[in-house]
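Undergrad: I'd like to go over a predicted model; first the sequence, then the structure.
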Amino acid sequence: MTITTFEDKDIFVIVNYLSIELFINFGNIVSYCEKLQIRNY
């Protein structure tokens, strides 16, 4: 049973990358919601 094992630094890089992606997407969603609110007023 062979599972591709990641080294600790690889996991750190992947988690770091995902958190950056999530942060950027979250920022985009927030700014999009702000634009919608501005339109509603």
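TA: Thanks, I have it. Residues are numbered from 1 along each chain as shown.

Undergrad: So the residue positioned nearest the centre of the chain versus Cys33, what's the distance?
TA: The chain has Leu22 as the residue nearest its centroid, 1.3 Å off, counting by Cα atoms, centre = their mean. Using Cβ to Cβ, to the nearest Å, Leu22 is found at 16 Å from Cys33. C-beta coordinates here come from the backbone N, C-alpha and C atoms, glycine included.

Undergrad: Repeat that for Phe12.
TA: From Phe12 to Cys33 the distance is 31 Å (Cβ to Cβ).

Undergrad: where do the helices sit along this protein?
TA: 8-40 (DSSP state H).

Undergrad: low-scoring stretches of it, by residue?
TA: Residue ranges of the chain with pLDDT under 70: 1-6, 40-41.

Undergrad: What count of nearby residues applies to Lys35?
TA: 10 (other Cβ atoms under 10 Å).

Undergrad: got it, and Phe12?
TA: For Phe12, the neighbour count with other Cβ under 10 Å is 11.

Undergrad: for Glu21, same thing?
TA: Glu21 has 10 neighbours, counted by other Cβ under 10 Å.

Undergrad: Let me see the contact set for it.
TA: Counting by Cβ atoms under 8 Å, 6 or more residues apart in numbering, Glu21 makes contact with nothing.

Undergrad: Could you report the separation of it from Val15?
TA: Applying Cβ to Cβ, the value for Glu21 to Val15 is 11 Å.

Undergrad: now swap in Glu7 and tell me
TA: Distance of Glu7 to Val15, given as Cβ to Cβ: 13 Å.

Undergrad: Over to Asp8?
TA: Applying Cβ to Cβ, one obtains 11 Å for the distance of Asp8 from Val15.

Undergrad: Also Leu22?
TA: Distance, Leu22 to Val15, by Cβ to Cβ: 10 Å.

Undergrad: dump the residue contacts of the residue nearest to the centre of the chain.
TA: Applying Cβ under 8 Å, 6+ apart to Leu22 gives no contacts.
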